[in-house]
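Peer 1: Turn this into a structure:
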Amino acid sequence: MEIFELGVRALLKSKCVGEEPKDEALLGKLMLMAAKVAKMLDLKDGYRVVVNNGRHGCQSVYHLHLHVLGGRQLDWPPG
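Peer 2: So this is what the prediction gives:
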């Protein structure tokens, strides 16, 4: 289980997160949780938050989750 998943399990109760206007607050909470994870991992030089979605996002089971990437200089463009 990923560190981020531990923090988010309590937030996610819906199978359709992000599809309704009422989900905007939850998505904001996810970004705040990403910042907390970055702080826990001491990513003080910066980090990137990535959301993969759908087949071209390399998902085989479609679900909402975030990746917090850091600890080194990241390249642009990604991928």
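
Peer 1: what's the single longest helix in this structure?
Peer 2: When the chain is parsed with DSSP state H, its longest helix is helix 24-40.

Peer 1: Could you pull up the residues touching the nearest residue to Cys58 once chain neighbours are set aside?
Peer 2: Nearest residue to Cys58, sequence neighbours excluded (Cβ to Cβ, 6 or more residues apart in numbering): Asn52, at 5.9 Å. Where C-beta positions appear, they are placed from N, C-alpha and C, glycine not excepted. Contacts of Asn52 were listed using Cβ atoms under 8 Å, 6 or more residues apart in numbering, and they are Cys58, Gln59, His65, His67.

Peer 1: Just the ones in helices from those, please.
Peer 2: Among these, no member falls in helices (DSSP H).

Peer 1: how close does the residue nearest the centre of the chain sit to Pro77?
Peer 2: Centroid check for the chain by Cα atoms, centre = their mean gives Leu66 as the closest residue, at 1.7 Å. Per Cβ to Cβ, to the nearest Å, Leu66 is found 19 Å from Pro77.

Peer 1: same question, Asn53
Peer 2: 18 Å.

Peer 1: Specify the beta-bridge partners of Val49.
Peer 2: Legend: beta-bridge partners of Val49 under DSSP bridges are Val68.

Peer 1: That one against His67, yeah?
Peer 2: Yes - contact criterion Cβ atoms under 8 Å: Val49 and His67 qualify, at 7.1 Å.

Peer 1: picking that back up, who has more neighbours, Asn53 and Pro77?
Peer 2: Using other Cβ atoms under 10 Å as the criterion, Asn53 and Pro77 rank with Asn53 on top: 13 against 4.

Peer 1: Contacts only, for that one.
Peer 2: Asn53 makes contact with Gln59, Tyr62, Leu64 under the criterion Cβ under 8 Å, 6+ apart.

Peer 1: does it sit in a helix or strand, and which one?
Peer 2: Using DSSP states H and E, Asn53 is not contained in any helix or strand.
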